[in-house]
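# got a sequence here, can you build the structure:
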Amino acid sequence: MMHTITECRAEGNYTLLLRFDDGLEGSVNLGDLVLTESYLAISDADTFARVAIDPISNAVTWAGGIKLDPEMLYRDLVTKTHAARH
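A predicted model of the protein is given here:
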């Protein structure tokens, strides 16, 4: 089942606040990711803040074609939510 991102907002310290169509919500820190060569283009805080949701693929996206898979972000939140309960 595909999960649709209904809200995505950049917060400080390279964190995204995400909400999905099934009610799952939480924050994902991308601090380590933005320091990798492939993602250096969004390491500037102002650029990172201009995050959007691609209306076709539902990917989290930035200018320059940088995209993050919504399913990967969903699994990350599920794992964190599950760990916080135990």
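# distance of the residue nearest to the spatial centre of the chain from residue 79?
With distances taken as C-alpha atoms, centre = their mean, the residue of the chain nearest its centroid is residue 16 (5.1 Å). Per C-beta to C-beta, to the nearest Å, residue 16 is found 15 Å from residue 79. The C-beta positions use only the backbone N, C-alpha and C, and glycine is treated the same way.
# same question, residue 21
Taken as C-beta to C-beta, the span from residue 21 to residue 79 is 19 Å.
# which helices and strands does the helix or strand of the chain with the lowest mean pLDDT pack with?
Within the chain, no helix or strand scores below helix 70-85, which has a mean of 86 by mean pLDDT, DSSP states H and E. Where contact means 3 or more C-beta pairs under 8 Å, 6 or more residues apart in numbering; DSSP states H and E, helix 70-85 is packed against strand 15-20, strand 25-29.
# could you dump those strands to TSV with mean pLDDT and distance to residue 46?
Shown next, in TSV, are the helices and strands packed on helix 70-85 (pLDDT from 0 to 100; distance: least, C-beta to C-beta, whole Å):
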stretch	mean pLDDT	distance to residue 46
strand 15-20	97	15
strand 25-29	95	18
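# count of residues packed around residue 44?
11 (other C-beta atoms under 10 Å).
# and it, how far is that from residue 76?
23 Å.
# follow-up on the earlier one: deepest of the helices and strands packed on helix 70-85, which one?
strand 15-20 (a mean of 18; mean count of other C-beta atoms under 10 Å).
# return the list of strands paired to it, each annotated with direction.
strand 5-11 (antiparallel), strand 25-29 (antiparallel) (DSSP bridges).
# residue 2 belongs to a helix?
No. Looking at residue 2 with DSSP: H, G, I helix; E, B strand; the rest coil, it is coil, so not inside a helix.
# so who does residue 63 touch?
By C-beta atoms under 8 Å, 6 or more residues apart in numbering, the contact list for residue 63 reads 47, 50.
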